[in-house]
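Enquirer: sequence and predicted model, in that order:
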Amino acid sequence: MTNVVIGSGPAGRLASFELGKLGKDVILIEKKHIAGTCLNEGCMVICALSDISKFIDSNKRFNSYGFIKSQMGISYEKITEKIIETQEKLRKLNEMENESVGNKIVYGEASINDGEINVNNESFEYENLLIATGARPFIPNIKGKEYGLTNKDILKIDEIPDKLNIIGGGIIACEIANIFSTLGSEVNVLVRSQFLKELDGDTKDYVMKNILQDINLYENTDIEECGKNKIITADGREFEGKTFFATGRVPNSEIAHGFVDINPDNTIKVDEFMKTSRDNVYAAGDVTGGWQLTPVARMEGICAARNMANYLNKISYDVIPQTISLNTEVSFVEDENTSDDIKTIAFPGIGGPGAFWKILTGDTGFTKIDFDAKNNKIKKINSISPSSVSDVAYLSYLMRINSPLDEYSNFLEIHPSTDTNYKIIKNMWL
């Protein structure tokens, strides 16, 4: 019998590929486009737009230094056109990858009926089933919510809005604010509680003063009404411009209701093997809640696939690194296991790839680290630098394997070195 995977986002696509590599028959069912939210509506779109905002930021910097004299004309229509062209190429590559291990891809909306999978008026029995149907934007129930945009609409905008009101205070809100303020929009960010609660105070302060200095931030602000080109807050203030909702996500779990156990927040309930309440049925990715990150979804999908193929595998969520894609990246990670002997150090960024031309203005970032001085182990990192994505990814691995820092002392960097790694490896524990 066949292994059926519903949903081809990071969890479903990687699970299908893993099953195929393990010699299993696989049918991968996708409602619309292979690679899910990440490629088609989410982080890959943000990465593409962030590349452009970084280029604009560098161009402004070089003009201010006087060795480049240029004026930029920006065509958002052309940007979206080229992003879509690139997405089409990547979809074909993702299809080829799955088909290379013998997997069959079926496009259509799946349903579950009496334990069978139905799609395009065809039914499939399964040996194992993986539900990886992802999540969608949460839209708060306010008057005029139909006027608001979400990440699903980024590539449908005709032109850069003159004014943009972003509702939400998390990573997506921050990234959208950075992109459109760099592109030239007047950006207001309105947050029900606090902005960027994921970051510690020093890191947030640096972001606001040095990276997002052109946005207007309004914390502890509730929205009463959304219009076509304005929003009204609960205390009566009006803000002109388009509205963008970055207010969280809800799971696409409807397919599983009445079939497997569902958590109170409508996510699919799974155990440490990614198994649901029903035999031979698994779930992975955003539909299960938790860490809604592409690398975590991949990890969950591969874990589920190995268990479906009878290779016992448990999931672990220890020490998950994250990043905020801005004109200078902000990356962070924390080991939630407590320690009684914490020492905190902070140091400015001075080097690393992409940092040279930021030294003149002193905006190369900074890094703040908590470490267990007794056991010589990192416990928490907040890092702002052009190399922070790779720095924190590598250092989080040390944290995950519970490695003392001196075991990393033989690490030899490639120049220009990753700034944070160099300082920790060479100096921090001495």
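Expert: Looks like it came in fine. Residues are numbered from 1 along each chain as shown.
Enquirer: which residues of the protein score low on pLDDT?
Expert: Within the chain, the ranges that satisfy pLDDT under 70 run 350-351, 417-430.
Enquirer: again, only this time at 80
Expert: Residue ranges of the chain with pLDDT under 80: 1, 114-115, 338-339, 349-353, 405-430.
Enquirer: how is it carved up into domains?
Expert: 3-137+249-308, 145-245, 322-428 (automatic domain parsing).
Enquirer: adding distance to S316, write these out as JSON lines.
Expert: Every C-beta, even on glycine, is put in place using the N, C-alpha and C of the backbone. Output for the domains of the chain, formatted as JSON lines (distance: least, Cβ to Cβ, whole Å):
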{"stretch": "domain 3-137+249-308", "distance to S316": "8"}
{"stretch": "domain 145-245", "distance to S316": "20"}
{"stretch": "domain 322-428", "distance to S316": "8"}
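Enquirer: between those domains, which gets nearest to I315?
Expert: Nearest to I315 among the domains of the chain is domain 3-137+249-308; the distance by Cβ to Cβ comes to 4.8 Å.
Enquirer: how distant is that closest one from the center of its chain?
Expert: 12 Å (Cα atoms, centre = their mean, to the nearest Å).
Enquirer: what about that domain, how long is it end to end?
Expert: The stretch domain 3-137+249-308 measures 8 Å between its terminal residues, going by Cα to Cα, to the nearest Å.
Enquirer: for D158, helix, strand, or coil?
Expert: coil (DSSP: H, G, I helix; E, B strand; the rest coil).
Enquirer: returning to that earlier point: Throw the domains of the chain into a markdown table and include mean neighbour count, thanks.
Expert: Formatted as a markdown table, the domains of the chain follow (neighbours: other Cβ atoms under 10 Å):
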| stretch | mean neighbour count |
| --- | --- |
| domain 3-137+249-308 | 19 |
| domain 145-245 | 18 |
| domain 322-428 | 18 |
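Enquirer: wait, which of those is closest to K314?
Expert: Closest among the domains of the chain, using Cβ to Cβ: domain 3-137+249-308, at 4.8 Å.
Enquirer: tell me where the stretch 151-300 of the chain has helices.
Expert: Ranges of helices in the stretch 151-300 of the chain, per DSSP state H, counting those that start in this stretch, are 171-183, 201-206, 294-308.
Enquirer: as TSV, the ones you listed with distance to I105 would be great.
Expert: Below are the helices of the stretch 151-300 of the chain laid out as TSV (distance: least, Cβ to Cβ, whole Å):
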stretch	distance to I105
helix 171-183	29
helix 201-206	42
helix 294-308	15
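Enquirer: N216 is nearest to which of the ones you listed?
Expert: helix 171-183 (9.5 Å).
Enquirer: mind listing what the closest residue to K163 other than its chain neighbours touches?
Expert: Excluding the flanking residues, the one nearest K163 by Cβ to Cβ, 6 or more residues apart in numbering is G241, at 2.8 Å. The contact partners of G241, by Cβ atoms under 8 Å, 6 or more residues apart in numbering, come to 161-165, 185-186, 188, 229-230.
Enquirer: can you pick out the most distant pair from the residues you listed?
Expert: S185 and K230 (14.8 Å).
Enquirer: wait, which of the contacts of G241 is closest to D222?
Expert: Distance ranking of these against D222, using Cβ to Cβ, places N165 first at 13.4 Å.
Enquirer: hey, what's that closest one bridged with?
Expert: For N165, the beta-bridge partners are N188, T243 (DSSP bridges).
Enquirer: what's the distance between it and K242?
Expert: Going from N165 to K242 by Cβ to Cβ, to the nearest Å gives 7 Å.
Enquirer: repeat that for L49.
Expert: Applying Cβ to Cβ to L49 and K242 gives a distance of 16 Å.
Enquirer: and for S111?
Expert: If you measure S111 against K242 using Cβ to Cβ, the figure is 36 Å.
Enquirer: could you do M96 as well?
Expert: 38 Å.
Enquirer: helix, strand or coil for the nearest residue to R306 once chain neighbours are set aside?
Expert: Leaving aside its sequence neighbours, R306 sits nearest to N313 (Cβ to Cβ, 6+ apart; 4.0 Å). Under three-state DSSP, N313 falls in the coil class.
Enquirer: wait, N313 sits on N307?
Expert: Yes - counting by Cβ atoms under 8 Å, N313 does reach N307; the two are 5.5 Å apart.
Enquirer: any common contacting residues for the two?
Expert: Residues within reach of N313 and of N307 at once, by Cβ under 8 Å, 6+ apart, are F273.
Enquirer: and the strands in the stretch 51-200 of the chain?
Expert: With strands called from DSSP state E, counting those that start in this stretch, the stretch 51-200 of the chain shows them at 104-107, 111-113, 116-119, 122-124, 128-131, 135-137, 163-167, 186-190.
Enquirer: oh, that last question was meant for the stretch 251-400 of the chain, not what I typed.
Expert: 281-283, 322-324, 330-334, 342-348, 366-372, 377-384.
Enquirer: out of these, the one nearest G354 is which?
Expert: Of all the strands of the stretch 251-400 of the chain, it is strand 377-384 that lies closest to G354, at 12.3 Å by Cβ to Cβ.
Enquirer: next, the angle from that closest one to strand 366-372.
Expert: Note on geometry: by axes from the mean of the first three to the mean of the last three Cα atoms, to 10 degrees, strand 377-384 and strand 366-372 are set 170 degrees apart in direction.
Enquirer: what's strand 377-384 in contact with?
Expert: 199-200, 202-203, 206-207, 211, 328-335, 337, 339, 342, 349, 365-372, 391-392, 395-396, 398-399, 402-405, 420, 424.
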